[in-house]
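> Sequence and predicted structure are below.
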Amino acid sequence: MDSQNIVMAKGFKASAAAAGLKKNKGLDISLIYSECDATAAGVFTTNKVKAAPVLLTRENISSGRARAIIANAGNANACTGQAGLENARTTVRLVADGLGLRPEDILVASTGVIGKPLDMDLVSAAIPKLIGSLSADGLTSAATAIMTTDSFLKFSQYDGHAGGSPFCIQGIAKGAGMIMPDMATMLCFIISDIAVEADDLKKALHNSVERTFNRITVDGDTSTNDMVLVLANGTAGNGRLSQQDFGKFQSGLTQVMGELARMIAKDGEGASKLVDLQIKGAMSAEDAINAARTVANSSLVKTAFYGQDPNWGRIMAALGRSGIVMDEASVDIWVNDIQIVSNGLGLGVEVERRAAEMMTLDKFTVTVDLKQGRYEDKVVTCDLTHDYVSINADYRT
């Protein structure tokens, strides 16, 4: 779908404004609003340092209900102490007053520079503009406003049927750096017009996060501000979900989040290649994901991807330090369908040349078979380029 022509799910409106929080003075604050009561669920960063909006939104969403999400970019409102928490509460209160809602109906998110006080004069001045410009085609602007180092807008949609009624799931996300699951500097907001109980929504969200956002990595860093929020307002009129219809909703939610997750990995700061790192034959499920994450996060492996170099020794070294059960003499490695390692030994210059050709593509798969058991897992990652250093060296200045 053309993201420039998004019509929002029934009963939702959105808006964005330029408050002056971003260096480039572009759109930097957004509002998503449900015209009626909605069930709500969220997943948040596991970082022990949690930004003020994470703390407040976790508190407000505990009821399983919400009506609006306000999000800003350019300032993370993290490591800002009690003053930062009060600023988050003030933001929520101003939105609630403007919409005629309770403060606990409002969820708040921030992304940007850590440790800098949030300029509440700018935020306060922008909120009436957000409320006054809410519209059913405002999601594109809202998605643009949450971008920081992102190079493109991230949007996904799923259309399905439940209880004889059509329903829609729409998601927007931001994220390009500080991406390492157990939740990364990423924000994701999902809306749906389906009717779903709060406990079921929470279950579906957690299941989908584990299979999508918790299977990507850009640089191994986990942010202070990550969150995924879902609002479902029931305007589709589907009634209580049957087990089969819940399965459809779960599938659709996973599809939307999976597409957004791959967009984030593809948009890794300075990245030129999207790589599916697949582990097979692990002794346990834990070994499979540990192996995948260790290889996918290795700076040496990622720079080899950038250099289009099938340097399998770096993969072996990463596996060896991952803490998994393995036997070096059993490992097989492929780049797409080109096998470069068999039973721990390289298969020669010619196959490596063919593998290097595969690595010139902007998307390819690296598969490792440990041959220790029946478990497998996959992490989506990207290469590490000169531009990653440049982007992050200049981030604040």
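That came in fine, so what should we check first?
> Distance of Ser62 relative to Lys202?
For Ser62, the distance to Lys202 equals 11 Å [C-beta to C-beta, to the nearest Å]. Placement of C-beta: from N, CA and C, glycine included.
> so Leu300 touches Arg314, yeah?
Yes: with contact defined as C-beta atoms under 8 Å, Leu300 counts as touching Arg314 (4.5 Å).
> the more surrounded of these two?
Each of Leu300 and Arg314 has its neighbours counted (other C-beta atoms under 10 Å); Arg314 has more, 19 against 13.
> Could you check the pLDDT of that one?
Note on Arg314: pLDDT of 94.
> Now do the contacts for Leu139.
Leu139 makes contact with Ile6, Met8, Phe12, Ala14, Ile32, Phe155, Gln170, Ile172, according to C-beta atoms under 8 Å, 6 or more residues apart in numbering.
> Check what pLDDT it gets.
If you check Leu139, the pLDDT there is 97.
> Same check on Ala184?
With respect to pLDDT, Ala184 scores 45.
> Stretch 296-307: how far from the chain's middle?
Centroid separation between stretch 296-307 and its chain, computed with C-alpha atoms, centre = their mean, to the nearest Å, is 21 Å.
> What are the contacting residues of it?
So stretch 296-307 is contacted by 180, 217, 219-220, 272-273, 275, 277, 295, 310-311, 314-315, 317-318, 359, 379-385 (C-beta under 8 Å, 6+ apart).
> In helices, which of the residues you listed appear?
Secondary structure from DSSP state H places Val295, Arg314, Ile315, Ala317, Ala318 of these in helices.
> I'd like to know which of those residues is nearest to Ser165.
Within the ones in helices among the contacts of stretch 296-307, proximity to Ser165 (C-beta to C-beta) peaks at Val295, which comes in at 44.6 Å.
> hang on, the earlier thing: now the contacts of Leu139: which count as buried?
Ile6, Met8, Phe12, Ala14, Ile32, Phe155, Gln170, Ile172 (16 or more other C-beta atoms under 10 Å).
> Can you pick out the most distant pair from those residues?
Phe12 and Phe155 (13.8 Å).
> report the longest strand in the chain, please.
Ranked by residue count, the top strand of the chain under DSSP state E comes out as strand 29-44.
> Excluding residues flanking it in the chain, which one is nearest Gly84?
Among residues not flanking Gly84 along the chain, Ala52 sits closest, at 4.0 Å (C-beta to C-beta, 6 or more residues apart in numbering).
> And that neighbour, its phi and psi?
Taking degrees, to the nearest 10, you get phi -50, psi -40 for the backbone angles of Ala52.
> Same question for Leu130.
With angles defined as degrees, to the nearest 10, Leu130 sits at phi -60, psi -50.
> Hmm, Ile70 and it touching each other?
Yes: judged on C-beta under 8 Å, Leu130 makes contact with Ile70 at a distance of 7.3 Å.
> residues near the closest residue to Met257 other than its chain neighbours, how many?
Spatial nearest neighbour of Met257, chain neighbours left out: Thr212 (4.1 Å); criterion: C-beta to C-beta, 6+ apart. Each residue near Thr212 was counted by other C-beta under 10 Å, and the total is 24.
> and the helix or strand that the longest strand of the chain is followed by, how far out from the chain's middle?
With elements assigned by DSSP states H and E, the helix or strand that comes after strand 29-44 is helix 52-60. Here helix 52-60 is found 18 Å from its chain centre; the criterion is C-alpha atoms, centre = their mean.
> swap in stretch 76-88?
23 Å.
> For that stretch, which residues meet the burial criterion?
Ala76, Asn77, Ala78, Thr80, Gly84, Leu85, Asn87, Ala88.
> Which of the residues in the helix ranked longest in the chain are classified as buried?
When the chain is parsed with DSSP H, its longest helix is helix 243-266. Neighbour counts over helix 243-266 (16+ other C-beta under 10 Å) mark 245-246, 248-250, 252-266 as buried.
> what separates it from the chain centre, distance-wise?
Offset of helix 243-266 from its chain centre (C-alpha atoms, centre = their mean): 12 Å.
> Please parse the protein into its domains.
Domain assignment for the chain by automatic domain parsing gives 3-266, 274-393.
> So Thr294 versus Asp287, what's the distance?
In this view, Thr294 and Asp287 are 10 Å apart by C-beta to C-beta.
> Do a quick rundown of the strands in this structure.
Per DSSP E, the chain carries strands over the ranges 12-17, 29-44, 65-75, 106-113, 154-162, 165-174, 187-192, 227-232, 274-282, 332-335, 338-342, 345-346, 363-369, 375-382.
> ok, back up a step: among the contacts of Leu139, which one lies nearest to Met120?
Comparing the contacts of Leu139 against Met120 with C-beta to C-beta places Ile32 closest, at 20.8 Å.
> wait, doesn't the closest one sit right on Val230?
No: with contacts counted by C-beta under 8 Å, Ile32 stays clear of Val230, the gap being 11.1 Å.
> Overlap in contacts, these two.
Residues touching both Ile32 and Val230 (C-beta under 8 Å, 6+ apart) are Phe189, Ile191.
> Show me the beta-bridge partners of the residue nearest to Gly237 when sequence neighbours are not counted.
Spatially, and ignoring its direct neighbours in sequence, Gly237 is nearest to Ser165 (5.1 Å; C-beta to C-beta, 6+ apart). Assessed by DSSP bridges, Ser165 has beta-bridge partners Ala162.
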